[in-house]
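Enquirer: Requesting a structural model of the entry that follows:
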Amino acid sequence: MTTIQPRLFVVVLLAVSLAQAKERLEPTARVLRLAEGRYEIELRYSGWALGGPCKVPLLPWKYHSSNWLYVSSLEGAWSPPNVIVTRERRRLAAPWSFQDMRGTVSISKGVLTVNLEYPGYPDGVHPNGYVAYKLNGAYRIELISAPNN
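Expert: Predicted structure coming up:
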């Protein structure tokens, strides 16, 4: 019977702990006014994962990602379908956008508040209840200019 070296055990324990850490939401929502008058809001987040395609199985790595919200103005409150939430920038239809969401998104005095949920699929096939959207929270609004391209 082999024994696990203490250093290896600590490295594995640290890697697993990092991978199970909660995702970190950035406190600022970046807002861009689009040509058609709609507003594009970027919600950024980051976290740690273990392994994955082309990654060493027990080596933790940090990822960064965004979701995008689309609303008609920078003051007010909206419920789906008047707010579109998507995983890919400017891809507003399924499969990139969240479907059958409920809740509200509101903007008041430069603060964006997101309180949404979407259908849960515990078995991967059949909907059963709703799950809180992982980017729910309050964000400070930062207006950005369109790039020159």
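Enquirer: Tell me where the model's unsure across the chain.
Expert: By pLDDT under 70, the low-scoring segments of the chain are 1-21, 52-53, 55-58, 147-149.
Enquirer: let's go with 80 and repeat that
Expert: The chain contains residues with pLDDT under 80 at 1-22, 50-61, 146-149.
Enquirer: what sits up against stretch 31-45?
Expert: Defining contact as CB atoms under 8 Å, 6 or more residues apart in numbering, one finds that stretch 31-45 is touched by 23-26, 29-30, 64-74, 89-90, 112, 114, 134-135, 139, 141-146. C-betas here are computed from N, CA, C, even on glycine.
Enquirer: Sitting in helices, which of those residues do you find?
Expert: Residues of those located in helices (DSSP state H): none.
Enquirer: Chain neighbours aside, what residue packs nearest to residue 102?
Expert: Using CB to CB, 6 or more residues apart in numbering and skipping the chain neighbours, the partner closest in space to residue 102 is residue 117 (5.9 Å).
Enquirer: Backbone dihedrals for that neighbour, please?
Expert: Dihedral pair for residue 117: phi -150, psi 160, per degrees, to the nearest 10.
Enquirer: how about it, what does it touch?
Expert: Taking CB under 8 Å, 6+ apart, we find residue 117 in contact with 101-103, 130-133.
Enquirer: Any of those buried? List them.
Expert: 101, 103, 133 (16 or more other CB atoms under 10 Å).
Enquirer: ok, how many other residues are close to the closest residue to residue 129 other than its chain neighbours?
Expert: In space, and not counting its chain neighbours, residue 129 is closest to residue 120: 5.1 Å by CB to CB, 6+ apart. Using other CB atoms under 10 Å, residue 120 is surrounded by 13 other residues.
Enquirer: what ranges do the strands span in the chain?
Expert: Assigned by DSSP state E, the chain shows strands spanning 24-25, 28-33, 39-50, 60-71, 76-78, 84-86, 102-108, 111-119, 130-132, 137-143.
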